[in-house]
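Trainee: below are the sequence and a predicted model; questions follow.
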Amino acid sequence: MIKESRAGAAAKAATGAHASAVNGPAPTPESDAFLVRWGTFLAGSIVVFAALAAYHNSFSGPFIFDDQTAVPDNATIRHWVSALSPPAHTGVGGRPILNLTFAFNYMLGGLDVRGYHAVNLIIHALAGLTLFGIVRRILFRLRLHKAGVPTPNPQAIDQGPSFAEATLLALAVAVIWVVHPLQTQAVTYISERAECLMGLFYLLTLYCFIRSVEAIAPVRWQILSVAACLLGVLSKEIIVTAPVMVLLYDRTFVAGSFREAWRQRWRYYLGLTGTWLLLVRLMTGLAQRGAGFDQGITWWDYALTSCRSVVLYLKLAIWPNPLVFDRGAGVIHSAMNALPYASILVVVVTALAIAFWRWPTIGFAGAWFFVILAPTSSVVPLAFQPMAESRMYLPLAAVIGLVVLGLYTWIGRRSAIVFAAAAVGLGWLTTQRNNDYRSEQAIWKDTVAKCPENVRAHYDYGKVLEKIPGQTDEAILQYQAVLQLQPNHFAVDAHEILGTLLRQEGDISSAIIQFNAALKMDPNFAEAHNGLGMSLRQEGDIYAAMAEYETALRIKPDFAEAHNNLGSALSKIPGRLQDETAEFEAALKIRPDFVEAHYNLGNVLVQQEQYSAACEQYNEALRLNPDYIQAYANLGATLVRMGRLNEALVQFEAALRIKPDDPIIRRNIQVIQNMLLETQEKNSGEHPVL
């Protein structure tokens, strides 16, 4: 199928400092400077246009899932200096260049998601252009016939790819790679910029090396290659395999053997592998990001699970359906369950191992796929997400490259029609997939539908739904699904949240059951004690409610909500005004913007006849929440007690604008108007007009 070019063969025979000069593509009549320049420009423009067309509808997608900790909650991106020290417990931990790009976005547009999506797409397009350059230069070294495998239609293949053919084949690989829907998670999901950024630097590392072996003075290109690898180290850990792939390229296409590659360029390889020293330092916080074998999974179980993951990756590369945002843990514990996947992998790996020695180009593509996947598939397990579509960002190029070259070998130039149709079809699928990222609700709904056994998907879908008015019943169903699937680390939270939702719906007895279930699993769950206390108070058991609030505060002394709730419970017990006041003040000390605590403190101050201080609390509550109708009403009532009727009328009228059909507010307005009229009549009687 594929064979090295005569120039490549000459390169193998060449030795010494000038060997790289022989390694360049053999000159052809078509490869004059004008054709090269404009052909490259046109091909590059097509790659960029394809990327923009496929992702034109991705710019409005909101921050979802890990995006929240990577961008909105990431205080380090507010300043350039702090951006170089990202928080270790988040997805940007140990990745300062990635964090720096988020800081760049923040400085330009704050939290406007469109800018973040635009930068993701720019990085992806640049990676596509780099891939185009790599594939085209590889093709200059190849012949597409007499490679030891019978060619079905050798007459359709001429003496090897000319400049135009190499450019068109490289363009096909790059465009299909850029628009492939399997890439949407890496491009449209903002926090997965890490994969795109690392992928760009990975490709640049190899591209600069390729240019170095074609240059008369290779040192500058070698320095750029090492620099690109170093930037990749500061972006994501998967770059660890880049030196390996560069060495494999050198052995396959340039030097002809590992020994010769090392002999000719040992200084360069020392510089390239030297980047691993920094990587080791940056990887010290991996456990905080949920990676490693100390996350509750054995190496054997992860190996079994990875067999399934890798086979599914291959399947999705050829047939990208279904695409799932989060496939969950889904760890395989039984060797029998993994046997079908392991059997397929044994066949594929064996074939590629043979190809690596007999047909090096195919072997290099296979190595590209498996070597890049190796860190996340075996070396550094991610127990909570053993499979993620974004990890196919770079490996996908190998699959596409083999398919494109195989089709070209089979049907010759007519394959261009197939490539164009594939690019259009895959691009359309990508735009459709981007629609699933248009909202948090849409992406989690899609995930739950495609992966109903994913506990985390149900949990996060419930978290989204509970914030949407009118979706409480659906949120309850999602949390019930979480509990039915029997997860360990989600069950406690699910019980507590489900209890809160049921209490808000008025099903107090069921809420109490959920809170007790949470506390049975975790007796020190302060939020569950607080929720149980609120439920008991609604049942009328004030003293039991107070006991739960006090327990919550012993566990979590800075729990503002529990202080506020304890103060509210104390208001039902005569003679506890001072204790009640202290609880509300404690809540406000912890959370100065706690609207309900300001309102409640205002009520206590009214009982103590501290009317001016009470008005200050009501006004603060209204500043924080201008639609707080009870605060308007109580402020108005307090102003009446102070004899400030006109001001009181203003407050009740504001409340009426919020709730025009409230009879009590209307009655209070009428009473105040009557009082003002009586006062006016009294004053006019005392001061008759002369």
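Mentor: Right, received. Where do you want to start?
Trainee: make it CA atoms for all contacts and neighbour counts henceforth
Mentor: OK.
Trainee: strands along this protein, start to end?
Mentor: Along the chain, counting by DSSP state E, strands occupy 3-4, 142-143.
Trainee: these: lowest mean pLDDT?
Mentor: Least confidently modelled of these is strand 3-4, at a mean of 38 by mean pLDDT.
Trainee: where does pLDDT dip in the stretch 251-400 of the chain?
Mentor: Residue ranges of the stretch 251-400 of the chain with pLDDT under 70: 285-296, 378-383.
Trainee: what about the helices in it?
Mentor: 258-282, 299-318, 335-358, 360-374, 395-411 (DSSP state H, counting those that start in this stretch).
Trainee: cool, the stretch 451-600 of the chain as well?
Mentor: Taking DSSP H, counting those that start in this stretch as the criterion, the stretch 451-600 of the chain carries its helices at 455-465, 472-484, 491-504, 508-521, 526-538, 542-555, 560-570, 577-590, 595-607.
Trainee: so which of the helices of the stretch 251-400 of the chain gets nearest residue 440?
Mentor: helix 299-318 (23.7 Å; Cα to Cα).
Trainee: now for the closest one, which elements pack on it?
Mentor: Here helix 299-318 touches helix 335-358, helix 395-411, going by 3 or more Cα pairs under 8 Å, 6 or more residues apart in numbering; DSSP states H and E.
Trainee: nearest to residue 662, out of the helices of the stretch 251-400 of the chain?
Mentor: For residue 662, the closest of the helices of the stretch 251-400 of the chain is helix 299-318, at 58.7 Å, according to Cα to Cα.
Trainee: okay, the helices of the stretch 451-600 of the chain in CSV with mean pLDDT, distance to residue 133 and mean neighbour count next?
Mentor: As requested, the helices of the stretch 451-600 of the chain are arranged in CSV below (pLDDT from 0 to 100; distance: least, Cα to Cα, whole Å; neighbours: other Cα atoms under 10 Å):
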stretch, mean pLDDT, distance to residue 133, mean neighbour count
helix 455-465, 94, 39, 23
helix 472-484, 94, 48, 20
helix 491-504, 94, 50, 23
helix 508-521, 95, 57, 20
helix 526-538, 96, 56, 25
helix 542-555, 96, 60, 20
helix 560-570, 96, 59, 25
helix 577-590, 95, 58, 19
helix 595-607, 95, 59, 23
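Trainee: including distance to residue 172, could these go into CSV?
Mentor: Listed next are those as CSV, based on distance: least, Cα to Cα, whole Å:
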stretch, distance to residue 172
helix 455-465, 36
helix 472-484, 43
helix 491-504, 48
helix 508-521, 55
helix 526-538, 56
helix 542-555, 61
helix 560-570, 59
helix 577-590, 60
helix 595-607, 59
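Trainee: for those, which one sits closest to residue 633?
Mentor: Within the helices of the stretch 451-600 of the chain, the stretch nearest residue 633 is helix 595-607; the backing value is 11.0 Å (Cα to Cα).
Trainee: so how far is that closest one from its chain's centroid?
Mentor: Offset of helix 595-607 from its chain centre (Cα atoms, centre = their mean, to the nearest Å): 42 Å.
Trainee: now do it against helix 560-570, angle only.
Mentor: Angle, helix 595-607 to helix 560-570, by axes from the mean of the first three to the mean of the last three Cα atoms, to 10 degrees: 30 degrees.
Trainee: ok, residues contacting helix 595-607?
Mentor: Outside helix 595-607, the residues within contact range by Cα atoms under 8 Å, 6 or more residues apart in numbering are 564, 568, 577, 580-581, 584-585, 587-588, 611, 613-618, 620-622, 624-625, 631, 634, 638.
Trainee: let's see 7 Å
Mentor: Contacting residues not belonging to helix 595-607 are listed as 564, 581, 584, 587-588, 611, 613-615, 617-618, 620-621, 624, 631 [Cα atoms under 7 Å, 6 or more residues apart in numbering].
Trainee: nearest residue to the middle of this protein?
Mentor: Geometric centre of the chain, nearest residue: residue 191, 3.8 Å, by Cα atoms, centre = their mean.
Trainee: residue contacts, that one?
Mentor: For residue 191, the contact set (Cα under 7 Å, 6+ apart) comprises 66-67, 70.
Trainee: how near is it to residue 95?
Mentor: 12 Å (Cα to Cα, to the nearest Å).
Trainee: check residue 428 too.
Mentor: With Cα to Cα as the criterion, residue 428 and residue 95 are 33 Å apart.
Trainee: who's more crowded, those two?
Mentor: Shown here are residue 428 and residue 95; by other Cα atoms under 10 Å, residue 95 has more neighbours (28 against 18).
Trainee: ok, the more buried one - contacts?
Mentor: Residue 95 neighbours (Cα under 7 Å, 6+ apart): 234-236.
Trainee: and with 8 Å instead?
Mentor: Going by Cα under 8 Å, 6+ apart, residue 95 touches 86, 233-236, 282.
Trainee: identify the farthest-apart pair in those residues.
Mentor: Across the contacts of residue 95, the longest distance by Cα to Cα is 14.5 Å; it joins 86 and 233.
Trainee: now the nearest residue to residue 80 once chain neighbours are set aside: how far from residue 72?
Mentor: Spatial nearest neighbour of residue 80, chain neighbours left out: residue 103 (6.6 Å); criterion: Cα to Cα, 6 or more residues apart in numbering. Distance of residue 103 to residue 72, given as Cα to Cα: 11 Å.
Trainee: got it, and residue 377?
Mentor: Separation of residue 377 from residue 72 (Cα to Cα) stands at 30 Å.
Trainee: more crowded one of the two?
Mentor: For residue 377 versus residue 72, the count of surrounding residues by other Cα under 10 Å is larger for residue 377: 23 against 14.
Trainee: that one reaches residue 303, doesn't it?
Mentor: Yes. Because the distance of 7.4 Å satisfies Cα atoms under 8 Å, residue 377 is recorded as touching residue 303.
Trainee: quick one, what contacts the closest residue to residue 494 other than its chain neighbours?
Mentor: Leaving aside its chain neighbours, residue 494 sits nearest to residue 479 (5.6 Å; criterion: Cα to Cα, 6+ apart). Residues near residue 479 by Cα under 8 Å, 6+ apart: 458-459, 462, 494-495, 497-498.
Trainee: related to what we said a few turns ago, so of the helices and strands packed on helix 299-318, which one's packed in deepest?
Mentor: Highest mean neighbour count among the helices and strands packed on helix 299-318 (mean count of other Cα atoms under 10 Å): helix 395-411, with a mean of 20.
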